[in-house]
Each structure stands twice: as C-alpha cells, then as structure tokens.
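> Coordinates only, no sequence provided:
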C-alpha cells in the first residue's frame, strides 16, 4: 500500500483528524463491561463497551466532515455489551454489539489498532506529545535552543520552537522581519490571540501618561502579566521593533525552577507560598480587576502549574499580625531568589528578536532605560497554553501526512 492510500485509510478509520501508527494486536478479550486489547510485549488497553460504541467511525455515529460525535450516552442502552470481538484481516479490532443504535446500524464496528492503543494506554509514557518540563537557572539559560526566524515557515523549525517552549517555558526566535505585522503572523501560526484591557496587540514603549509601569522607563522587576486575572494568560509573545536606548535589557527567570529550589531547601516556606492567598489588584482608571491566589499553584496531580507574582499589583495583607509577618518574610525571600544571579538572566533584545514565554511559569522584566537617548519599542500579545499544545499536534499531523 502506498503512503497516500494508507493515509486515506487511516483517516477514515479513526473518529478524529489524527493519524496513528498501527499497533500489532495479538489478542482481543471480551469482558462483561468491555474490551481488552493485547499488543506486543504484553501491553494492554481496556475500553468500556458503551464508551467505545460512541467512538465508532460509521457516519451515523461520527460526522464524516466534522469528526464530532452524533450520538450520546442517552442512545446507549444500560444493558449494552459486546457479543463478540475478533482481529480483522487488516489487523484492526472488529466488534459485534448486543444492540443496534442508529437507523442503519449493522451492529458491527471496526477500530484502528493505533487509535485503540493511543486512546486506551494509561501507563505509556513515550507518547510524542508527552513533553516534560525542563527547569533551568541562570547558568543553564544559554543551553536553551534558539529558533531561526528565517526558517520559521519550515514545519521542522516550527515544531522545534513549540517543543522548546513547552519544555523550557521560553524560547527566543532570532532574525524575524522587522514589520508591525510580524507579531500577529507568528502568534496566529500558534493559535488564537487573547484580548485584554491593553488590547489584542499592545505596544510597549515609553508614554508620557502611562496606565502601567510597563509604559514608563522604570525598571520592571521580574513578574508575570495580568496576575490580577482569574485566569492568567498562558503565553506571552514580545517582539522587538526598536531597541536603541541605554539600558532596557530584558530579564527572565524560571518560576518552576525557583519553586523546586524552595521546596527542597525550605518546605515550610514552600507550603506557605502555596497556601497563603495574596490579594492582587490592578490600579487603573478604567478597570478594577482583583483576585486572591497563592504565589505557587498546583494542578490536580500535585505538580506546580503556575507562579503568580506581580510585586506592584498587590493589596495590603490581611490576617493576624503573626500570619502576615510570616508570609511577608516568605514572599520577600521568594522575591530575593527570583531576582538573584542564581536564577535571573539579563540580555538585550535586538530588532527582529521575539521572546515567546509561558506567562504562568516564566517571570520577566527589564532594566531601567533612558527615555531621552534612543527609542525602545516592543510589540506584545497573549495566547493560551492549550493553543501551544494544539499547534504541536497539528504540525506533527501535517508532517506525517505530507512528509
């Protein structure tokens, strides 16, 4: 079978737009509640009968164009089960059902072996999009791969950029065209731009009547943007248009690395930063955003998922004097680490350089600059983390299809 015909076959035998490497099925075992599929090296997946039926690929179950499901749990009888299962001649799993669900249902569904493996394997850790974060400190920053802006249209370079951003929380693209539309072009290649009170695209430059410290020439200590929001933007892109000033160096630190260091060195401090709710509030004439949140936040698996900190957007502490004093000391130690030479890096952005960063992980800032000697102009925007993961899946899908 040639590559094009194989791709077509894969497309029509899975209930989504992805393609899956076939997996050799050695056995299929019917259980009262569902199907067990046995692969090479004794790897196994389990599939609930009723759930598996909802993901059949026939056009009355999965729309042939949108690939979205057309039936729901309400269509599946409570006593629904598998009557028989076997390995088909093409190596897929052929399942015969106890009931016919849709008007033209033949009572039989065929499932691609790669799709079964990928969607059913709960212990496999080598999936291509299971990219683990790599924490870094100042001495490691130079090892983070740089991306060529001149090759960015190439899928391999784009994939490299996405992987680097997922792993390290930051990536720098060098040598992009110095045009006002470059930022939006790069951001749109990743996904949908998120709007904010600063606009869909914002220009970071000196203003005589600023509505944020970002639009002054003052030093910005390390922080993340929009820490006053319930849901901090997942990604931030900053593109350098002009940087002729004295000063104005960009600064970065890996919040996950700092959290890991604190956890290992001072568990009491770590717990305090993870439990104590800080009141964050923006200070603007046209908006009033407020949120209470700890500095270190965790996901449902207990892993650090977010660092929330903007020093100049905090409200006064609340609580007993002892509680407030304990937390004040903890946040001061935290911020001292953030801005220390152990974790903070400083460098100059040149026109055509773009920083792409995880805004819930990487703290960023800049050194003070002269507002009278040269101009400094960065363009910025926000996206969400899930845009990053989606872009990676799509570019890998395209690379598999088109080579």
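Structure's in. What do you need? Quantities reported herein were computed from a predicted structural model and do not represent experimental measurements.

> just checking, residue 237 touches residue 184?
No: assessed by CB atoms under 8 Å, residue 237 is found out of contact with residue 184, at 9.5 Å. Any C-beta I mention is one placed from the backbone N, CA and C, and that applies to glycine too.

> give me the low-pLDDT residue ranges for the stretch 201-350 of the chain?
Within the stretch 201-350 of the chain, the stretches falling below the threshold (pLDDT under 70) are 206-217.

> the helices in it, which residues?
255-265, 267-275, 321-338 (DSSP state H, counting those that start in this stretch).

> Which strands or helices does the last one pack on?
Helix 321-338 sits against strand 220-223, helix 255-265, helix 267-275, with contacts defined as 3 or more CB pairs under 8 Å, 6 or more residues apart in numbering; DSSP states H and E.

> Rebuild those as CSV, extending it with distance to residue 20 and mean neighbour count.
CSV is the format used below for those (distance: least, CB to CB, whole Å; neighbours: other CB atoms under 10 Å):
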stretch, distance to residue 20, mean neighbour count
strand 220-223, 42, 20
helix 255-265, 31, 20
helix 267-275, 39, 16
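
> Mind putting the ones you listed into TSV with distance to residue 57?
Shown next, in TSV, are these (distance: least, CB to CB, whole Å):
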stretch	distance to residue 57
strand 220-223	48
helix 255-265	40
helix 267-275	45
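
> between residue 237 and residue 184, who's got more neighbours?
residue 237 (23 against 17; other CB atoms under 10 Å).

> The more buried one and residue 356, how far apart?
5 Å (CB to CB, to the nearest Å).

> and what of residue 338?
Distance, residue 338 to residue 356, using CB to CB: 20 Å.

> Next: residue 382.
11 Å.

> same thing with residue 305?
The value you get for residue 305 to residue 356, if CB to CB is used, is 19 Å.

> Residue 334 against residue 258, yeah?
Yes: counting by CB under 8 Å, residue 334 does reach residue 258; the two are 7.3 Å apart.

> the strands in the stretch 51-200 of the chain, which residues?
Applying DSSP state E, counting those that start in this stretch to the stretch 51-200 of the chain gives strands spanning 82-87, 93-97, 108-111, 147-148, 170-174.

> What strands line up against the second one, and which way round?
Just to be clear, that refers to strand 93-97. strand 82-87 (antiparallel), strand 108-111 (antiparallel) (DSSP bridges).

> Quick check: buried residues in the shortest one?
Of the residues in strand 108-111, 109, 111 count as buried by neighbour count, 16 or more other CB atoms under 10 Å.

> cool, the first one as well?
Along strand 82-87, these residues count as buried under the neighbour rule (16+ other CB under 10 Å): 82, 85, 87.

> if we can go back for a sec, so between residue 305 and residue 356, which is more surrounded?
Neighbour count, other CB under 10 Å: between residue 305 and residue 356, residue 356 has more, with 25 against 15.

> who's in contact with the more buried one?
Contact analysis of residue 356 by CB atoms under 8 Å, 6 or more residues apart in numbering lists 161, 165, 170, 171, 172, 173, 186, 235, 236, 237.

> which one of those is nearest residue 122?
residue 165 (26.8 Å; CB to CB).

> what about that closest one, distance to residue 228?
Residue 165 sits 24 Å away from residue 228, going by CB to CB.

> Give me the secondary structure label for residue 47.
State at residue 47, reduced to three classes by DSSP: H, G, I helix; E, B strand; the rest coil: strand.

> nearest spatial neighbour of it, skipping sequence neighbours?
Excluding the flanking residues, the one nearest residue 47 by CB to CB, 6 or more residues apart in numbering is residue 35, at 4.6 Å.

> From the contact counts, what lies against the host helix or strand of that neighbour?
Using DSSP states H and E, residue 35 maps to strand 34-39. For strand 34-39, the packing partners by 3+ CB pairs under 8 Å, 6+ apart come out as strand 25-30, strand 44-48, helix 49-54, strand 82-87, strand 93-97, helix 113-120.

> burial count for residue 380?
Residue 380 is flanked by 21 other residues according to other CB under 10 Å.

> After the helix or strand harbouring it, which helix or strand is next?
In this assignment (DSSP H and E), residue 380 forms part of strand 376-383. As assigned by DSSP H and E, the chain's next helix or strand after strand 376-383 is helix 385-402.

> for that next one, which positions count as buried?
Buried residues in helix 385-402, counted by 16+ other CB under 10 Å: 385, 387, 388, 389, 391, 392, 395, 396.

> so the third one touches residue 162, yeah?
Yes: distance between residue 388 and residue 162: 6.2 Å, which falls inside the contact criterion (CB under 8 Å).

> Could you name every residue contacting both of those two?
Common neighbours of residue 388 and residue 162, using CB under 8 Å, 6+ apart, are residue 190.

> Determine which of the helices and strands packed on strand 34-39 approaches residue 377 most closely.
helix 113-120 (45.4 Å).

> ok, for residue 158, nearest residue in space, not its chain neighbours?
residue 395 (5.6 Å).

> okay but that neighbour is in contact with residue 162, surely?
Yes: with contact defined as CB under 8 Å, residue 395 reaches residue 162; the gap is 6.9 Å.

> Could I get the contacting residues of residue 318?
Counting by CB under 8 Å, 6+ apart, residue 318 has contacts 279, 324.

> what about residue 16, helix or strand, and which?
Per DSSP H and E, there is no helix or strand for residue 16.

> Look at it and say how many residues are nearby.
So residue 16, with other CB under 10 Å, has 15 neighbours.
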